[in-house]
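# quick one, fold the following:
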Amino acid sequence: MIRSARLLLKPWVLGVFALALSARLLFLFLAEQPLLYTHQYTYFGNALRIAAHPHPVAYVLTSEEWRTWDGHWTIAPLYHILSGLFFRIFGPYLLALRLTQCLLDSLTAVAVAALGRQAAAGRAGTWAGVLYALYWPAIEMPTWTMTENLHTVLFTVGLALAGREQARPRRALAYLAGAVLGFASLTRSVSTGFLGLAALARLRRRRLRESVVAAALLFAGGATAIAPWTARNVFLIGDPVLVESAAFENLWWANNFVDRDRYRRQEQYVHSQPTPAAKRAAALHFALRGIERWPDRFREKVALNFRHFFRPEGLQNLLGIERSLEGWRHLGSVLLDDVLLLGALPLFAAFLLGGRASPPRRLIVLWVGYYLFMVVVVFHNEIRYRSAFVPFAFAGVPAGLLALGQRRRRAWLGLLAGLAVSVMEIRPYVVPARQGLEAALAMRSTRAAVTSGDWEAAHRLVEAAAARAPRSARPWFDHGRALAFCGRPAEAVSAYRQGATLATPANWRATLALPRLLREQGRSDLAAAALAKAHRLSWDNDPWLALEMAWRELPPPRTDELQLAGDDYGAVRGFLHPRGVDPMLYLHRLEWNQYEVLPGEDPPSGPHRWTLGHAWLRLFPTQPAASYEVTLVMGTPFPSPLLQSEVVVKASGGVDRRVRLGRELESYRFSASARRGQPIEVEIRAPTWSRLGEPAAQGVRVDRMTVKPLP
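Numbers count the residues shown, from 1 in each chain. Take a look at the predicted model:
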């Protein structure tokens, strides 16, 4: 115990931990990023189910509802249980969970540094922890509700303990390492098979008896964590599965190699099976049949998976998709994700092939080989799956440099192999980067022409700029944005439509900008259809991201009345879904709207949005005046569980004003002063709530904002 306390107080431990924690807390509090997309809500909703149940222990032990995916498959349990425990203790709020995840991932950075020091045999290994502390996806991940937040720390710490035990054999440490790895398997089952491999890797010809005992203890530690859960599955649920069944669905999905219609027929057959075991068998059958019938498609899948796993995501968003993100996000993703990962790969490969033989190197090589085989060959992968690879890639960087310094031939071969992978991944973005830079430089004269009002010259110049990047939608979209801010909706619509022919489906700029521009152009018929498309995009993807992008894409509207969930793109941010417009927009989202309507409570009606904890509205009044009266129609009705909410509202030029909202929607008036050329902007800070069947951390409902001049 004293030795462990001394280790925690070492300067390198404290330094790496402090750096990692600072980066994660800065992102958490400055980015104010809500939960995004469906996956995060899957785990969030399941945790709420556990926390809200009157008998949570019995519920976890005897029910599969809280960990069911897609209505048929079960997911590894541990993250659901621990996050549910947090919500049970602290209430259905995200802050406590996110702060804990920041602490856990900072501990991961320390474990990476420890592995780096073990592999490099010295203080230089600490830089591995520094790399992980500054790695962009690891900085962002603690704000998510995903299993990676628990699996990464458990698996990295477990591997670090196993490496330390092999260097300094201790039976208790072998058992502890196995137990930690076992709990990691209960978080993401892909690591379950590694437990046996790690035990086999512990065996040695020298001191055979000692190594056999250590290997047995390591395996026993893992079994201690996993076996009770397996026994629960067998004896209480009646389903003999080790950890989960979703792995079978993933295997089938990744290897069916059939068209959409045939996959739907397979899906109907699998889901119609009477027992979970029969569903697993059917899924496995279709996966193996796909590989057997279409080996060429299987080989193509493996190649695509490999390239996708190492794809520079920052460059993909910036140049491939041309996604509209804040500049600081693009910069952070390129510098602290792409550069760190692709820069580490050659050095890590040098470590894999030519690093000094050591227990940590043996374990890292074994894990990386096993993991890449699983997510590249057997299954499929997503970018977030790198969370189980990157810590060990960074841990090998200092040892790779050391091996190169010692002029080991195999290390240099590894360096060349890693460089080949990095070059292969960067190569598709070289031409788009060059063309994009040339187009951006040419667009400077276009902006000058727009500012001066020479519209014909601006169009000729943007055509010339776009010709330098013929596959890019960005020149046209940037031109359309500039025209929108200059009050030229007809020309802006033309530019956005030209860019839309080149844009990828994930590039939302035209979809979000066109509704208002078409309305301002006088095309109300087309504007209504465009608005419905923008609302659908919000529901099918993420409303917060859509509003953030529209806020940058469009100027504040010139109007005296702003209807929330109407044509409000570019006028609001920090809000959630457009509700009360068309029920078909959101009734198909089965993971939401599952709450029970109590007597006397009506479902939401009328166009409106719910805020997050921090929200903004803005507009340009049609009548010039020195000051205005701003009216907000808002409240905290059903489905909010709060009978009252005290919100802080600040209008342009005003002071913070506290307002207590009730269950009824009412009008609240505030005074605002206008500065020349500046919009009226209203900021709302509200207490948040969460409940099962609703998006997380909602604030208050806002229906409308109006302004009128004060005498």
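# among the helices and strands of this structure, which one scores worst on average pLDDT?
helix 2-8 (a mean of 60; mean pLDDT, DSSP states H and E).
# for residue 146, see how far away residue 71 is.
20 Å (C-beta to C-beta, to the nearest Å). Using the backbone N, CA and C atoms, a C-beta is placed for each residue, glycine as well.
# who's more crowded, the two?
Per other C-beta atoms under 10 Å, whichever of residue 71 and residue 146 has more neighbours is residue 146, with 22 against 7.
# wait, is that one part of a helix?
No: counting by DSSP: H, G, I helix; E, B strand; the rest coil, residue 146 is not part of a helix but coil.
# my read: it touches residue 41, true?
No: under the criterion of C-beta atoms under 8 Å, residue 146 makes no contact with residue 41, lying 10.7 Å away.
# so who does residue 40 touch?
Going by C-beta atoms under 8 Å, 6 or more residues apart in numbering, residue 40 touches 144-146.
# ok, 10 Å please
If you count contacts by C-beta atoms under 10 Å, 6 or more residues apart in numbering, residue 40 has them with 34, 143-146, 542, 696.
# overlap of the contact sets of residue 146 and residue 41?
Joint contacts of residue 146 and residue 41 (C-beta under 10 Å, 6+ apart) are residue 35.
# tell me the domain boundaries of the protein?
2-309, 427-541, 555-711 (automatic domain parsing).
# tell me where the stretch 401-550 of the chain has strands.
With DSSP state E, counting those that start in this stretch as the definition, the stretch 401-550 of the chain shows no strands.
# any stretches of it with poor pLDDT?
Nowhere does the stretch 401-550 of the chain drop to pLDDT under 70.
# now the helices for it?
409-426, 430-452, 455-468, 474-485, 489-500, 509-521, 524-540, 543-553 (DSSP state H, counting those that start in this stretch).
# could you dump those helices to JSON lines with mean neighbour count and distance to residue 638?
Formatted as JSON lines, the helices of the stretch 401-550 of the chain follow (neighbours: other C-beta atoms under 10 Å; distance: least, C-beta to C-beta, whole Å):
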{"stretch": "helix 409-426", "mean neighbour count": "17", "distance to residue 638": "50"}
{"stretch": "helix 430-452", "mean neighbour count": "16", "distance to residue 638": "48"}
{"stretch": "helix 455-468", "mean neighbour count": "18", "distance to residue 638": "50"}
{"stretch": "helix 474-485", "mean neighbour count": "24", "distance to residue 638": "38"}
{"stretch": "helix 489-500", "mean neighbour count": "21", "distance to residue 638": "39"}
{"stretch": "helix 509-521", "mean neighbour count": "24", "distance to residue 638": "29"}
{"stretch": "helix 524-540", "mean neighbour count": "17", "distance to residue 638": "20"}
{"stretch": "helix 543-553", "mean neighbour count": "21", "distance to residue 638": "20"}
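# looking at those helices, which is nearest to residue 62?
Closest to residue 62 of these is helix 524-540 (C-beta to C-beta; 34.7 Å).
# from the contact counts, what lies against that closest one?
Identification of packing neighbours for helix 524-540 by 3 or more C-beta pairs under 10 Å, 6 or more residues apart in numbering; DSSP states H and E yields helix 509-521, helix 543-553.
# what's the closest of the helices of the stretch 401-550 of the chain to residue 95?
Short answer: helix 543-553, nearest of these by C-beta to C-beta, at 17.2 Å.
# quick one: contacts of the helix or strand that the closest one is followed by?
Next helix or strand after helix 543-553 toward the C-terminus (DSSP states H and E): strand 561-563. By C-beta under 10 Å, 6+ apart, the residues outside strand 561-563 that reach it are 556, 568, 571-572, 581, 606-608, 617-619, 622, 631-633, 680, 682, 702-708.
# strands of the stretch 51-200 of the chain, residue ranges please.
Assigned by DSSP E, counting those that start in this stretch, the strands in the stretch 51-200 of the chain fall at 68-69, 73-74.
# what is the last one packed up against?
Which is strand 73-74. helix 246-255, helix 276-293.
# can you lay out those as CSV showing distance to residue 204, mean neighbour count and mean pLDDT?
Output for the helices and strands packed on strand 73-74, formatted as CSV (distance: least, C-beta to C-beta, whole Å; neighbours: other C-beta atoms under 10 Å; pLDDT from 0 to 100):
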stretch, distance to residue 204, mean neighbour count, mean pLDDT
helix 246-255, 32, 21, 96
helix 276-293, 36, 17, 97
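# mind putting those helices into a markdown table with distance to residue 640?
Formatted as a markdown table, the helices and strands packed on strand 73-74 follow (distance: least, C-beta to C-beta, whole Å):
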| stretch | distance to residue 640 |
| --- | --- |
| helix 246-255 | 33 |
| helix 276-293 | 37 |
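# nearest to residue 369, of these?
With C-beta to C-beta as the criterion, residue 369 lies closest to helix 246-255 of the helices and strands packed on strand 73-74, at 19.0 Å.
# helices or strands next to that closest one in the packing?
Against helix 246-255 (3+ C-beta pairs under 10 Å, 6+ apart) you get strand 68-69, strand 73-74, helix 260-271, helix 276-293, helix 295-309.
# quick one: mean pLDDT over the third one.
Helix 260-271 shows a mean pLDDT of 96.
# begin at 765, not 1, for the rest of this chat.
Right, with 765 as the first residue, what we last looked at is helix 1024-1035.
# how about the CA coordinates for it, as PDB?
Coordinates of each C-alpha in helix 1024-1035 appear next as PDB, following Å, rounded to 0.1, in the frame of the first residue of the first chain:
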ATOM      1  CA  ARG A1024     -30.300  -4.400 -48.900                       C
ATOM      2  CA  ASP A1025     -33.400  -6.400 -49.800                       C
ATOM      3  CA  ARG A1026     -31.700  -9.800 -49.100                       C
ATOM      4  CA  TYR A1027     -30.300  -8.500 -45.900                       C
ATOM      5  CA  ARG A1028     -33.800  -7.500 -44.800                       C
ATOM      6  CA  ARG A1029     -35.000 -11.000 -45.600                       C
ATOM      7  CA  GLN A1030     -32.200 -12.400 -43.500                       C
ATOM      8  CA  GLU A1031     -33.000 -10.000 -40.800                       C
ATOM      9  CA  GLN A1032     -36.600 -11.200 -40.700                       C
ATOM     10  CA  TYR A1033     -35.500 -14.800 -40.500                       C
ATOM     11  CA  VAL A1034     -33.000 -14.200 -37.700                       C
ATOM     12  CA  HIS A1035     -35.400 -12.100 -35.600                       C
END
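# please point out which parts of that helix sit buried.
Neighbour-count burial for helix 1024-1035 flags 1027, 1030-1031, 1034 (criterion: 16 or more other C-beta atoms under 10 Å).
# list the helices and strands that helix packs on?
For helix 1024-1035, the elements it packs on are helix 1010-1019, helix 1040-1057, judged by 3+ C-beta pairs under 10 Å, 6+ apart.
# and if we set it to 6 Å?
For helix 1024-1035, the packing partners by 3 or more C-beta pairs under 6 Å, 6 or more residues apart in numbering; DSSP states H and E come out as helix 1040-1057.
# now the fourth one
Counting contacts by 3+ C-beta pairs under 6 Å, 6+ apart, helix 1040-1057 packs against helix 1010-1019, helix 1024-1035.
# try 8 Å this time
helix 1010-1019, helix 1024-1035, helix 1059-1073 (3 or more C-beta pairs under 8 Å, 6 or more residues apart in numbering; DSSP states H and E).
# adding distance to residue 883, write these out as TSV.
Formatted as TSV, the helices and strands packed on helix 1040-1057 follow (distance: least, C-beta to C-beta, whole Å):
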stretch	distance to residue 883
helix 1010-1019	30
helix 1024-1035	44
helix 1059-1073	22
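# could you report the neighbour count for the closest residue in space to residue 853 that isn't next to it in sequence?
Nearest residue to residue 853, sequence neighbours excluded (C-beta to C-beta, 6 or more residues apart in numbering): residue 860, at 7.8 Å. Using other C-beta under 10 Å, residue 860 has 13 other residues around it.
# I figured residue 860 hits residue 854, correct?
Yes: Residue 860 lies in contact with residue 854 (C-beta under 8 Å); the separation is 4.1 Å.
# put the alpha carbons of stretch 1209-1226 into CSV.
Output of stretch 1209-1226 as CSV, limited to C-alpha atoms (Å, rounded to 0.1, in the frame of the first residue of the first chain):
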residue,chain,number,x,y,z
SER,A,1209,-10.7,38.5,-54.6
THR,A,1210,-14.3,37.1,-54.8
ARG,A,1211,-15.0,38.3,-51.3
ALA,A,1212,-13.7,41.8,-52.2
ALA,A,1213,-16.1,41.9,-55.2
VAL,A,1214,-19.0,40.8,-53.1
THR,A,1215,-18.2,43.5,-50.5
SER,A,1216,-18.1,46.2,-53.2
GLY,A,1217,-21.4,45.0,-54.7
ASP,A,1218,-20.0,43.9,-58.1
TRP,A,1219,-22.1,40.8,-58.4
GLU,A,1220,-21.2,39.8,-62.0
ALA,A,1221,-17.5,40.1,-61.3
ALA,A,1222,-17.9,38.1,-58.1
HIS,A,1223,-19.6,35.3,-60.0
ARG,A,1224,-16.9,35.2,-62.7
LEU,A,1225,-14.2,35.1,-59.9
VAL,A,1226,-15.9,32.3,-58.0
